[in-house]
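A.B. asks: structure for this input, please:
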Amino acid sequence: MTETVDRQTAATRLRAADDILILSHKNPDGDTIGSATGLCLALQALGKNAAVLCSDPIPKMYSYLDITWFDGSFEPAFVVAVDVASIQLFGENNHVQDYVRRANLCIDHHGSNAGYAYATLVEPQAAAVCEILTELIPDNLGVPLTPQIAACLYTGLATDTGCFRFTSTTAQTHRMAARLIEAGADIGRLNEILFECRSRSRIEAEREALESLEYYCDGRCAMICLTRDQILQTGVANAELEDLTSLPRSIEGVDVGLTLRQQPDGSFKISVRTSRNYDACAIARRLGGGGHARAAGCEISGNLDNAKRAILQEVEKELAKQDVAAGQES
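C.D. replies: Residues are numbered from 1 along each chain as shown. So this is what the prediction gives:
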């Protein structure tokens, strides 16, 4: 059973520790790698020995981040996980699993966090872990936000909110973005890198995905799929596919958008995006996944037909449940 802690307790334990290893999740996105790197820089500013470890390589688009990778030169005495809701999300490469079950602290914003660490700081109302750290680092840890740290934290804040378009974005999110801008984050350059530049392989992958577009539930659900062969053929990096998950839900009249991506082991990673009246996390949770109310995900073993059938059954249940609730209210 994990111990639930607040920001000050988490900061106190970080200040008391040294030889700190920071773990991010597999297929790293902007929030997990931005929060890991920002926290690492803050701990190093306190004179700590700290480094970052991830199962998978980071995408080239994040090459501007000043990451201190763990090279095995020290034995971690304190392990922190950031933006990782469950053990299954860590991955198997780079000996990550050697340290997962020793996690002293997890800092997360997923309400579905499994509580695998000895202590857990979870704030589901936060749009990103980087939103939490934007206050925790200067206000609780006592480290000023440098332009370098601010760039890391803005990376996670902007990418996890779709450049502040997603419904997870709050007034607090914008206040934290303003704080990072004041600290020196070059948002013109960062936004260009993160949102205005697409590799040719990413564009080819989008074309393949659109070819697969299908509608279900009288047009209220839209689905796109990418097989492993298509992903390998285009040469696109996994992280470059993350923003594809918003595409099906953006179609007029669609309440539930599904993106299926086949993994190297043959299973399918399913991203669920919903309109404000439907619960993406409820859909994913029934298949062993989790996430947020409007954005969640899960993984399903088996072939594509089985994956489609399983996820569509849960989508139909969620649509029917909310429709009944809406009818009762009216």
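
A.B. asks: where are the low-confidence patches of the stretch 1-150 of the chain?
C.D. replies: Within the stretch 1-150 of the chain, no stretch has pLDDT under 70.

A.B. asks: in a helix, Gly34, correct?
C.D. replies: Yes: counting by DSSP: H, G, I helix; E, B strand; the rest coil, Gly34 is located in a helix.

A.B. asks: measure it to Cys40 for me?
C.D. replies: According to C-beta to C-beta, to the nearest Å, Gly34 stands 11 Å off from Cys40. Bear in mind the C-beta positions are built from the backbone N, C-alpha and C, glycine included.

A.B. asks: who has more neighbours, these two?
C.D. replies: Gly34 (31 against 27; other C-beta atoms under 10 Å).

A.B. asks: next up, the contacts around the more buried one.
C.D. replies: Neighbouring residues of Gly34 by C-beta atoms under 8 Å, 6 or more residues apart in numbering: 62, 65, 130, 152-157, 159.

A.B. asks: go with 6 Å
C.D. replies: Gly34 makes contact with 130, 152, 155-156, according to C-beta atoms under 6 Å, 6 or more residues apart in numbering.

A.B. asks: can you check Cys54 too?
C.D. replies: Taking C-beta under 6 Å, 6+ apart as the test, what Cys54 contacts is 24, 28.

A.B. asks: so for the nearest residue to Thr169 once chain neighbours are set aside, what's the pLDDT?
C.D. replies: In space, Thr169 comes closest to Thr161 once its chain neighbours are excluded; the distance is 4.7 Å by C-beta to C-beta, 6 or more residues apart in numbering. Thr161 is assigned 93 on the pLDDT scale.

A.B. asks: and the longest helix along the chain, how far out from the chain middle?
C.D. replies: Identified as the longest helix of the chain according to DSSP state H is helix 304-329. Remark: helix 304-329 is offset 24 Å from the chain centroid, using C-alpha atoms, centre = their mean, to the nearest Å.

A.B. asks: now do it: which elements does it pack against?
C.D. replies: Here helix 304-329 touches helix 280-285, going by 3 or more C-beta pairs under 6 Å, 6 or more residues apart in numbering; DSSP states H and E.
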